[in-house]
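Asks: predicted structure and sequence below. I'll ask about it afterward.
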Amino acid sequence: MNANKPASHRSLQSDLLRSDTHRVQPEEYEELPELTDEMLARAKVNKGGRPVSANPRKLISLRLPADVIERWKATGAGWQTRMAERLSKV
């Protein structure tokens, strides 16, 4: 970055202030479709989040030697899952 030139902020290219201050006028309601019983019957409520697991994991505290942890971490991403799989075979 050039020391003489200030960094510019990127813009989202939207006018959020205008959107937030807009109030729907009565004539704009005519553009909205009427809700029918069929539309409401198709409606779904999305709660989001993960599905409930049949076998949820439980949090425990376990002290392991540093070299053991480093060897597992060296195997790459997902090392904790692989460790759990190996322990479950015992």
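Replies: Arrived safely.
Asks: for the chain, what spans make up the helices?
Replies: Remark: helices assigned in the chain by DSSP state H are 16-21, 26-29, 37-42, 66-73, 79-88.
Asks: mind checking which of those helices is nearest G49?
Replies: For G49, the closest of these is helix 79-88, at 20.3 Å, according to Cβ to Cβ. The way it works is simple: take the backbone N, C-alpha and C, and place the C-beta from them, glycine included.
Asks: relative to helix 66-73, how tilted is the closest one?
Replies: 110 degrees (axes from the mean of the first three to the mean of the last three Cα atoms, to 10 degrees).
Asks: give me the mean pLDDT for helix 79-88.
Replies: Mean pLDDT, helix 79-88: 93.
Asks: how about stretch 45-54?
Replies: What stretch 45-54 shows for mean pLDDT is 87.
Asks: what's the offset of it from the middle of its chain?
Replies: Centroid separation between stretch 45-54 and its chain, computed with Cα atoms, centre = their mean, to the nearest Å, is 13 Å.
Asks: quote the end-to-end distance of that stretch.
Replies: End-to-end distance of stretch 45-54 (Cα to Cα, to the nearest Å): 23 Å.
Asks: which one, of the helices of the chain, ends up nearest to P51?
Replies: Of all the helices of the chain, it is helix 79-88 that lies closest to P51, at 17.8 Å by Cβ to Cβ.
Asks: so which other helices or strands are in contact with that closest one?
Replies: helix 66-73 (3 or more Cβ pairs under 8 Å, 6 or more residues apart in numbering; DSSP states H and E).
Asks: can you list contacts of the helix it packs on?
Replies: W79, Q80, R82, M83 (Cβ atoms under 8 Å, 6 or more residues apart in numbering).
Asks: any idea which of these is closest to E38?
Replies: Using Cβ to Cβ, the contacts of helix 66-73 come closest to E38 at Q80, 47.9 Å.
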